[in-house]
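>>> Here is a sequence together with a model predicted from it:
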Amino acid sequence: MQIVGDLLTATEASGQDGIKTTALITKANLSHSRLSKILLNLTGSGLINKIEFDGKHAFVITQKGRQYLESYVKFAGIAQSFGLEL
């Protein structure tokens, strides 16, 4: 859950221009193969959209992704207030 939260946070921070795969690898500290699997799940569930231009890929967060991220942040805050780590 924390990895998904980190990826959605980075994607949201990139704005409408989107974030490239290389930047996501760096921010999430994941291998390319692991990130690819997670991105496939995120695009399949409608939390992010993949956009292509000049033969390169970028990812932008969807409204559904923003709602998920907002719920995750609330949940993480509640868990932390009880001394739980995610």
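Received it, and whenever you're ready, just let me know what you need.

>>> Which parts of the chain are strands?
19-20, 48-53, 56-61 (DSSP state E).

>>> Need the contact partners of the shortest one.
Spelled out, that is strand 19-20. For strand 19-20, the external contacting residues (Cβ atoms under 8 Å, 6 or more residues apart in numbering) are 10-11, 13, 56-60. Every residue, glycine included, has its C-beta placed from N, CA and C.

>>> And those, which of them are buried?
For those, a neighbour count by 16 or more other Cβ atoms under 10 Å gives the buried set as 10-11, 58-60.

>>> Can you tell me which of those is closest to residue 25?
Among the buried ones among the contacts of strand 19-20, residue 10 lies closest to residue 25 (Cβ to Cβ), at 10.4 Å.

>>> and the closest one, what is it in contact with?
By Cβ under 8 Å, 6+ apart, residue 10 lies in contact with 19, 23-24, 27-28.

>>> Tell me, how many residues neighbour residue 14?
Applying other Cβ atoms under 10 Å, we find 18 residues neighbouring residue 14.

>>> oh, and call the first residue 36 from now on, that's how I've got it
Done: numbering now begins at 36, and the last item shifts to residue 49.

>>> That one touches residue 83, doesn't it?
No: assessed by Cβ atoms under 8 Å, residue 49 is found out of contact with residue 83, at 10.5 Å.
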